[in-house]
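Undergrad: Next one to model:
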Amino acid sequence: LGDTRRTDPVRQRNVRLSAVGAVSDARYNKYARVQINHMQASNFAGPRSEASILQGNDLFDQFRTAQAQRQESIGQDLQGYQSQVDTINISLAAGAIVLFLAANAALLWLLRNFTGTLNTQVQRLTHTTQQLGQGERTARVDPLNFSDLDQVGQSINSMAVAIQQHEDAAEEAMRTLEHQYTLVERAQGESRAIF
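TA: A predicted model of the protein is given here:
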């Protein structure tokens with residue numbers, strides 16, 4: 001259907017142009033050639049006769065009418081083509097607007113997802129550091145999606161492990177000191193008893 005709609009105005013224009021051409025040929029053969037033959041035969045009375053002039057005027061009027069119809073047909077074709085061009089332009093503009101809005105919506109959705117994920121991971125880092133600050137020695141940062149944040153999280157984990165190792169070593173040293181202090185007190189007690 002799309003192809004026939006496009007070719008129908010072209011066919012109609014070609015038919016109209018053929019009709020104008022046929023009318024022009026018929027007028028030429030009926031009037032102009034006859035007049036030329038009379039003039040070539042030196043018969044100037046025939047072309048100047050009133051009937052001949054009326055016939056010529058009638059043919060020219062018919063030709064003008066056919067020419068006007070052809071102009072009108074061409075104008076209608078141009079209007080049809082302009083209408084199609086306007087429709088295509090409007091469709092392209094609407095499509096561009098829809099595409100622009102869809103691209104902006106997709107970009108906004110991606111941005112919201114990105115900021116949401118980033119915010120969640122920063123909150124996980126903050127929560128873990130708060131737990132470590134409150135003395136929870138087993139608190140650790142789980143692996144994070146963003147490599148930079150994951151590096152920060154792994155650094156926090158490394159510091160937490162180092163702190164825990166230092167605290168364990170300090171507790172062990174305190175136990176050792178307490179044990180040695182107990183031994184010293186016992187030895188002092190025995191020394192006093194001997195004295």
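Undergrad: Sticking with the spatially most central residue of the chain, tell me its helix or strand.
TA: Centroid-nearest residue in the chain, with Cα atoms, centre = their mean: L99, separated by 4.0 Å. Per DSSP states H and E, L99 falls inside helix 50-133.
Undergrad: need the next SSE after that helix, C-terminal direction.
TA: Next along the chain from helix 50-133, counting by DSSP H and E, comes helix 147-194.
Undergrad: Which elements pack onto that next one?
TA: Contacts defined by 3 or more Cβ pairs under 8 Å, 6 or more residues apart in numbering; DSSP states H and E place helix 147-194 against helix 50-133. For every residue, glycine as well, the C-beta is placed using N, CA and C.
Undergrad: Compute the inter-axis angle for the helix it packs on and helix 147-194.
TA: Angle, helix 50-133 to helix 147-194, by axes from the mean of the first three to the mean of the last three Cα atoms, to 10 degrees: 0 degrees.
Undergrad: Would you mind pulling up the elements that helix 50-133 packs against?
TA: If you count contacts as 3+ Cβ pairs under 8 Å, 6+ apart, helix 50-133 packs onto helix 2-27, helix 147-194.
Undergrad: JSON lines for those, including distance to T128?
TA: Shown next, in JSON lines, are the helices and strands packed on helix 50-133 (distance: least, Cβ to Cβ, whole Å):
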{"stretch": "helix 2-27", "distance to T128": "64"}
{"stretch": "helix 147-194", "distance to T128": "6"}
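Undergrad: Lowest average pLDDT across those?
TA: Among these, helix 2-27 carries the lowest mean pLDDT, a mean of 63.
Undergrad: and the gap between G135 and T128?
TA: 13 Å (Cβ to Cβ, to the nearest Å).
Undergrad: ditto for L92
TA: Distance of L92 to T128, computed by Cβ to Cβ: 54 Å.
Undergrad: what about the two, which has more around it?
TA: More crowded of L92 and T128, by other Cβ atoms under 10 Å: T128, with 19 against 10.
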